[in-house]
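S.K.: Below: sequence and its predicted model.
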Amino acid sequence: MSDAALKPPVEAIPAAPSTAARASIAQIFLEFLIIGSTSFGGVVPYLRSSLVTKRGWINDKEFVEMLSISQSLPGLNATNMAIQVGDKLGGSLGSLAAIIGICLPGAVLMYVVGLFYRAHGDHIWITAALKGVAAAAVGLILSTVVSMSKKSLSNKFDFVFVALTVIAVNRLHISVPRTLICIGILAILFHRPRKREKEGETQ
Amino acid sequence: MNQIPALIRLFAYLSLLTVGGGMAAFPEMKILTVEVHKWLTFPQLIHLYSVGQMAPGPNMMMIVAIGQWAGGLLGALVVLVAFFGPTALLALIVARLWKKLEKWRWRTSIQEGLAPVSIGLLLAGCFTMAKGAIFGVETAAIAVGVLLILLQYKINPALLVLAGAATGVLSFMPK
């Protein structure tokens, strides 16, 4: 696949309700590289402002749809989104360009941080700072849990599944994959398709 | 001793557990990297994860540091490929299928059913981490403070983690 074959039909992009945008592999890589190097504090808002608002490569509905698929699959939201958007814009090669682009800056940074921490991690200033950083990270994860619960828990009974999962992993020390499979199947069965259309009409 | 095969196996396995977010794999990551392979200590794992929250990009890039410690540059590279490769391939295949299954009624069931489990896994990961990260009034106050601020205001979380670092220095520097 040559880049020339993938030249984007630029004029087709603005305001199209269902975007049929394509982009060259180099463009995809560059855009995700920018997201990967600027997305401090969580990738999702940066993805949206870059891909939906700035580039118009996908629309809001596609973004939400891709995000919900990302959340149901193993893998981080950031990389699952990169894969899906890359695939839409440039096929498998586009996915590869997107995921490498989004991972590269953080990976290089954490490589250097790892070396530095190993050499100087026991410095008193650093250990003091890291205690604060770790506590702040706990607060950050909790806030993610709260906002995810607000968005995606529709049923009161869902909180039982949340509690069961926590108890299985933290108290009973059941391994994460077993917990995921067992409680996952239970929860999926609980949310099994019912004859919603019919019931909806009679109500 | 050559750690490369173990790094590949372990991080490929961990990647498949990250449903809902990287934190879902944290309890297993702690057991495998700290207790089984002893590549790092639990406090080091917590520190790397937390510092990783300030880095841009996907928030599990701290795995690169673990790979580097256990197996040098090659270790870092194989960890990256092992951790992101399998889920990337899965996302590529399933996302293509998923779009075709728009009318399949179990599709919604799967999404609705996995939501509470993935939230539970994140919370379990968070509790595992809290056991090592929260030890006293100062750290508890920082965590609760960050939580409340994030729920109340639209503020960049990386800045709050940075503020946590400053608070840590103020609270824990020997007088």
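M.R.: Arrived safely. A quick note: this is a predicted structure, and the numbers were derived from the prediction, not measured. Numbering: from 1, shown residues only, chains lettered A, B, ... in the order given.
S.K.: Run through the residues that contact the closest residue to residue B:94 other than its chain neighbours.
M.R.: Nearest in space to residue B:94, with sequence neighbours left out and distances taken as Cβ to Cβ, 6 or more residues apart in numbering or on different chains, is residue A:73 at 5.9 Å. To be clear about C-beta, it is placed using only N, CA and C from the backbone, and glycine gets the same treatment. Contacts for residue A:73 (Cβ atoms under 8 Å, 6 or more residues apart in numbering or on different chains) come out as A:80, B:19, B:87, B:90, B:91, B:94, B:95.
S.K.: cool, and residue B:131?
M.R.: Listed by Cβ under 8 Å, 6+ apart, residue B:131 has no contact partners.
S.K.: part of a helix, is it?
M.R.: Yes. Counting by DSSP: H, G, I helix; E, B strand; the rest coil, residue B:131 is part of a helix.
S.K.: What's the local residue count around residue 171?
M.R.: I went with chain A, as the question did not name one. Neighbour count for residue A:171, taken as other Cβ atoms under 10 Å in any protein chain shown: 10.
S.K.: Chain B is the one I meant
M.R.: Neighbour number of residue B:171 under other Cβ under 10 Å is 17.
S.K.: average model confidence for stretch B:120-135?
M.R.: The predicted model assigns stretch B:120-135 a mean pLDDT of 92.
S.K.: before we move on, what about stretch B:67-80?
M.R.: Average pLDDT, stretch B:67-80: 96.
S.K.: so how far is that stretch from its chain's centroid?
M.R.: Put simply, stretch B:67-80 sits 17 Å off its chain's centre (Cα atoms, centre = their mean, to the nearest Å).
S.K.: before we move on, what about stretch B:40-53?
M.R.: Relative to its chain's centre, stretch B:40-53 lies at 10 Å (Cα atoms, centre = their mean).
S.K.: For it, list the C-alpha coordinates in PDB.
M.R.: Extracted C-alpha coordinates of stretch B:40-53, given in PDB (Å, rounded to 0.1, in the frame of the first residue of the first chain):
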ATOM      1  CA  LEU B  40      10.800  -5.000  42.000                       C
ATOM      2  CA  THR B  41       9.300  -4.300  45.400                       C
ATOM      3  CA  PHE B  42       5.700  -3.400  46.100                       C
ATOM      4  CA  PRO B  43       6.500   0.200  46.900                       C
ATOM      5  CA  GLN B  44       8.600   0.500  43.700                       C
ATOM      6  CA  LEU B  45       5.600  -0.900  41.700                       C
ATOM      7  CA  ILE B  46       3.300   1.700  43.300                       C
ATOM      8  CA  HIS B  47       5.800   4.500  42.700                       C
ATOM      9  CA  LEU B  48       6.200   3.600  39.000                       C
ATOM     10  CA  TYR B  49       2.500   3.200  38.400                       C
ATOM     11  CA  SER B  50       1.800   6.600  40.100                       C
ATOM     12  CA  VAL B  51       4.600   8.500  38.400                       C
ATOM     13  CA  GLY B  52       3.300   6.900  35.100                       C
ATOM     14  CA  GLN B  53       0.000   8.800  35.700                       C
END
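S.K.: how about it, does it reach chain A?
M.R.: Yes. Stretch B:40-53 reaches chain A (Cβ under 8 Å from any Cβ of the partner chain) through B:44, B:46, B:47, B:48, B:49, B:50, B:51, B:52, B:53.
S.K.: Buried residues, that stretch. List them.
M.R.: B:40, B:42-53 (16 or more other Cβ atoms under 10 Å in any protein chain shown).
S.K.: how about the helices of chain A, start to end?
M.R.: For chain A, the helices defined by DSSP state H cover A:25-38, A:43-47, A:60-72, A:77-120, A:124-152, A:158-166, A:176-190, A:196-202.
S.K.: Reformat these as TSV; add mean pLDDT and mean neighbour count.
M.R.: Listed next are the helices of chain A as TSV, based on pLDDT from 0 to 100; neighbours: other Cβ atoms under 10 Å in any protein chain shown:
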stretch	mean pLDDT	mean neighbour count
helix A:25-38	95	21
helix A:43-47	88	19
helix A:60-72	87	18
helix A:77-120	95	23
helix A:124-152	90	22
helix A:158-166	94	20
helix A:176-190	91	18
helix A:196-202	45	8
